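Asks: no letters, just coordinates:
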Ligand code: AMP
């Protein structure tokens, strides 16, 4: 049999992948890169980051440091990210090296109003929302959308940070001048689900199966694989992720978080153009991990199979939950992943454990 002709745009093993962000996603991405014979160079403002520990090189500088970004770009063959809140203007300092996903995708995904407008423009439902920049606009938005509602900063929020539930007009929080917000109607949901789509540089798309996400204190606690939903709903959720990845022309991954509303509709909550916490199970329960898939997409390699091999449950180890690491190691169905973070602060993601279903 003749071997297939390599994609002329593909980056050969031995090339260097630049990764913006030094957290646990960058760490697992660098490990996936190494497995396929690539080198990783991390760019992060953080000293001693989880990703730097497993990468060949690390630049410690601020994301807005255009000169440092330009030097970083000169030393790598392609740039990808584990963190989408990199200023788009700073990315403009990067010349002659592909950035995958590109600035256009980031600009949509890092701003909640642009993101929801984009989703609705594809004919896909979201919670009702309104952009808010002042107290008057907030008053008008509360009237239009109704209460209870959730006020969120339009940018830079994560794990419930920068979010306020408003039950009555009188307890609306004070707004910061110059800050952009979004007011979202409260969705009455039966379940939160997500789908991660991968889109290669030739436009091919592969979706990981839909999973259920259970949050505690606004932080992802567990991912249940597969999501306990009908095949028709799982197909619809995958279709939504596919349509959005195509519409955004993503080169890389697109994680799409959705609500399954009580009325049976699927509403998109948010998108992240990168590997996602709800995809960590793929390291142990899937034919291809999300991290390997991200490397494959940005290097122009054939996409891996996204098929689930084992039903499983991924649980985040937050703060001092990590102290139970030995118990997890004793469970023959459990696969433990620790991120090498020194201090187990409350709310901090220290690791995760995936327990494969089935008998021993
Ligand atoms: P987010 O940062 O937008 O992902 O929100 C964090 C979590 O808050 C979500 O996973 C939901 O559990 C909850 N949440 C956010 N927005 C809404 C909404 N419009 N309606 C109901 N729950 C929400």
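Replies: That came in fine, so what should we check first? Treat the numbers as computed from the prediction; the structure is a model and nothing was measured. Residues are numbered from 1 along each chain as shown.
Asks: check contacts around the residue nearest in space to the middle of the chain.
Replies: Per Cα atoms, centre = their mean, the C-alpha nearest to the average position across the chain is that of residue 276, at 3.4 Å. Contacts for residue 276 (Cβ atoms under 8 Å, 6 or more residues apart in numbering) come out as 194, 196, 253, 255, 290. C-beta: built from backbone N, CA, C; applies to glycine.
Asks: make it 7 Å
Replies: By Cβ atoms under 7 Å, 6 or more residues apart in numbering, the residues touching residue 276 are 194, 196, 255.
Asks: beta-bridge partners for the first one, please?
Replies: By that I understand residue 194. residue 211, residue 257 (DSSP bridges).
Asks: my guess is it contacts residue 209. True?
Replies: No: between residue 194 and residue 209 there is no contact under Cβ atoms under 7 Å: 10.3 Å.
Asks: which one's more surrounded, those two?
Replies: residue 194 (26 against 20; other Cβ atoms under 10 Å).
Asks: what's the pLDDT at that one?
Replies: On pLDDT, residue 194 comes in at 99.
Asks: circling back: from the contacts of residue 276, pick the one nearest the ligand.
Replies: Nearest to the ligand among the contacts of residue 276, counting by Cβ to the nearest ligand atom, is residue 194 at 9.5 Å.
Asks: which outside residues touch whichever strand or helix holds residue 296?
Replies: Take DSSP states H and E as the rule and residue 296 turns out to sit in helix 290-298. Residues outside helix 290-298 that contact it (Cβ under 7 Å, 6+ apart): 17, 28-29, 32-33, 36, 38, 78, 80, 100, 196, 198-200, 208, 251-253, 275, 279, 282, 302-304.
Asks: go on, stretch 111-118?
Replies: With Cβ under 7 Å, 6+ apart as the criterion, stretch 111-118 contacts 107, 108, 109, 126, 129, 131, 152, 154, 155, 182, 270, 271.
Asks: compare those and tell me which has the most neighbours.
Replies: Compared across these, residue 271 has the highest neighbour count, 28 neighbours, by other Cβ under 10 Å.
Asks: helix, strand, or coil at that one?
Replies: Residue 271 falls in the strand class when you classify it by DSSP: H, G, I helix; E, B strand; the rest coil.
Asks: which SSE is immediately downstream of the lowest-mean-pLDDT helix or strand in the chain?
Replies: Confidence across the helices and strands of the chain bottoms out at helix 88-91, with a mean of 84, counting by mean pLDDT, DSSP states H and E. Heading C-terminal from helix 88-91, the first helix or strand you meet, by DSSP H and E, is helix 103-109.
Asks: give me the distance from that next one to the chain's centre.
Replies: Computed by Cα atoms, centre = their mean, to the nearest Å, the chain-centroid distance of helix 103-109 equals 13 Å.
Asks: and the helix or strand just after that helix, how far from the chain's centre?
Replies: Sequence-wise, the next helix or strand beyond helix 103-109 is helix 112-121, with elements assigned using DSSP H and E. Helix 112-121 sits 17 Å away from the centroid of its parent chain (Cα atoms, centre = their mean).
Asks: quick one: check the next helix or strand after helix 112-121 for contact with the ligand.
Replies: Per DSSP H and E, helix 112-121 leads on to strand 129-132 as the next helix or strand towards the C-terminus. No: Strand 129-132 does not reach the ligand (Cβ under 6 Å from any ligand atom); its nearest approach is 8.0 Å.
Asks: what's in contact with strand 129-132?
Replies: With Cβ under 7 Å, 6+ apart as the test, strand 129-132 has contacts from 113, 116, 138, 141, 144, 145, 151, 180, 181, 182, 183, 184.
Asks: the fourth one in helix, strand or coil?
Replies: Per three-state DSSP, the secondary structure class of residue 141 is helix.
Asks: if I look at it, how far off is residue 164?
Replies: 13 Å (Cβ to Cβ, to the nearest Å).
Asks: and the third one, by the same measure?
Replies: Using Cβ to Cβ, one gets 11 Å for the distance from residue 138 to residue 164.
Asks: between the two, who's got more neighbours?
Replies: More crowded of residue 138 and residue 164, by other Cβ under 10 Å: residue 138, with 21 against 15.
Asks: thinking that one is in contact with residue 174, fair?
Replies: No: taking contacts as Cβ under 7 Å, residue 138 lies outside contact range of residue 174: 10.0 Å.
Asks: in the stretch 201-350 of the chain, which spans are helices?
Replies: Counting by DSSP state H, counting those that start in this stretch, the stretch 201-350 of the chain has helices at residues 231-248, 282-285, 290-298, 325-330.
Asks: can you add distance to residue 317 and mean pLDDT and give those back as JSON lines?
Replies: As requested, those are exported to JSON lines (distance: least, Cβ to Cβ, whole Å; pLDDT from 0 to 100):
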{"stretch": "helix 231-248", "distance to residue 317": "27", "mean pLDDT": "98"}
{"stretch": "helix 282-285", "distance to residue 317": "14", "mean pLDDT": "98"}
{"stretch": "helix 290-298", "distance to residue 317": "18", "mean pLDDT": "98"}
{"stretch": "helix 325-330", "distance to residue 317": "8", "mean pLDDT": "98"}
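Asks: no further questions, thank you.
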